[in-house]
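Q: Give me the fold of what follows.
(chains A and B)
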Amino acid sequence: ETGVTQTPRHLVMGMTNKKSLKCEQHLGHNAMYWYKQSAKKPLELMFVYSLEERVENNSVPSRFSPECPNSSHLFLHLHTLQPEDSALYLCASSQEYGELFFGEGSRLTVL
Amino acid sequence: GENVEQHPSTLSVQEGDSAVIKCTYSDSASNYFPWYKQELGKRPQLIIDIRSNVGEKKDQRIAVTLNKTAKHFSLHITETQPEDSAVYFCAASYPGGYNKLIFGAGTRLAVHP
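A: As a prediction, the model looks like this:
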């Protein structure tokens, strides 16, 4: 148990659907992250929330919309995605400069 | 922005041999260099890290070296075992109140019995 839980673990959606990915951390950390993992590519940092404030938004298309209602929860809202958005989406948390603890990921398939 | 290059992309060794994975980074402001191991279907997990005020760090069979002048760092695994088979990612981080990690593309290590 790493203390970072992601749901759902698998998601299949059409290009016109709206869905959300959820992440919850039980480690008392003050920063949370969304990473995208595609085959044969580096882990791509998408968003960072530090103390519930978004501090990084790495040129991510607006069809991805993050939300951090409190320090323990992070969401990624998905809307009108493209097939190339199919990937493993990893949530992580850390305490300032400390180790990143990753969740198991949400495997997204866009049809 | 920061860029992290990682080599090789695949590495195959015999059990008991050593394995070395190398990474270079572009931004001299980076000050934290972790290595993550990701087994098939699992989450990435930290195995060792090093900060810029240290040149080498060792933890049992795993060691990391850092050359700040050349902006490269390496992971060394000695006496490899089949359970070391996984994808290994290096990363470099900026200061900033949180851990902004830029990852390398990963090295798939296969240890053959």
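Q: pull the CA atoms of the lowest-mean-pLDDT helix or strand in chain A into PDB?
A: Lowest mean confidence among the helices and strands of chain A (mean pLDDT, DSSP states H and E): strand A:53-57, at a mean of 77. The C-alpha trace of strand A:53-57 is given here as PDB (Å, rounded to 0.1, in the frame of the first residue of the first chain):
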ATOM      1  CA  GLU A  53      -2.700  25.700  -6.100                       C
ATOM      2  CA  ARG A  54      -1.900  24.800  -9.700                       C
ATOM      3  CA  VAL A  55       1.700  25.600 -10.300                       C
ATOM      4  CA  GLU A  56       2.500  23.700 -13.500                       C
ATOM      5  CA  ASN A  57       0.500  23.300 -16.700                       C
END
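Q: Paired strands for it, with orientation please.
A: strand A:44-50 (antiparallel) (DSSP bridges).
Q: which residues touch A:Asn57?
A: A:46-47 (CB atoms under 8 Å, 6 or more residues apart in numbering or on different chains). (Each C-beta comes from the backbone N, C-alpha and C, glycine too.)
Q: same thing but at 10 Å, please
A: Counting by CB atoms under 10 Å, 6 or more residues apart in numbering or on different chains, A:Asn57 touches A:45-48, A:64, A:66.
Q: Mind listing the residues bridging to it?
A: A:Phe47.
Q: For A:Cys91, see how far away it is.
A: 16 Å (CB to CB, to the nearest Å).
Q: just A:Leu51 next, same as before
A: 17 Å.
Q: For B:Ile21, give the beta-bridge partners.
A: For B:Ile21, the beta-bridge partners are B:Leu75 (DSSP bridges).
Q: Can you give me the neighbour number for it?
A: Using other CB atoms under 10 Å in any protein chain shown, the number of residues around B:Ile21 comes to 23.
Q: Please apply the same query to B:Gly55.
A: For B:Gly55, using other CB under 10 Å, the count is 12.
Q: Just the strands from the chain, written as ranges.
A: Picked chain A for this. A:4-7, A:10-13, A:18-25, A:31-37, A:44-50, A:53-57, A:64-70, A:73-79, A:87-94, A:101-102, A:106-110 (DSSP state E).
Q: could you do chain B instead?
A: Taking DSSP E as the criterion, chain B carries its strands at B:4-7, B:10-14, B:19-25, B:32-38, B:45-51, B:56-59, B:62-67, B:72-77, B:86-94, B:100-103, B:107-112.
Q: Now the weakest link among those strands, please, by mean pLDDT.
A: The stretch with the lowest mean pLDDT among those is strand B:100-103, at a mean of 88.
Q: Which strands border that one, and is each parallel or antiparallel?
A: The strands beside strand B:100-103 in its sheet (DSSP bridges) come out as strand B:86-94 (antiparallel).
Q: then the partner strand to CSV, C-alphas only?
A: Output of strand B:86-94 as CSV, limited to C-alpha atoms (Å, rounded to 0.1, in the frame of the first residue of the first chain):
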residue,chain,number,x,y,z
ALA,B,86,12.1,-4.0,-15.2
VAL,B,87,12.1,-0.6,-16.8
TYR,B,88,14.3,2.0,-15.1
PHE,B,89,13.7,5.7,-15.4
CYS,B,90,16.1,8.5,-14.5
ALA,B,91,14.9,12.0,-13.7
ALA,B,92,16.1,15.4,-12.9
SER,B,93,14.4,18.0,-10.8
TYR,B,94,14.3,21.7,-10.3
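Q: now the angle from that strand to strand A:31-37?
A: Angle, strand B:86-94 to strand A:31-37, by axes from the mean of the first three to the mean of the last three CA atoms, to 10 degrees: 130 degrees.
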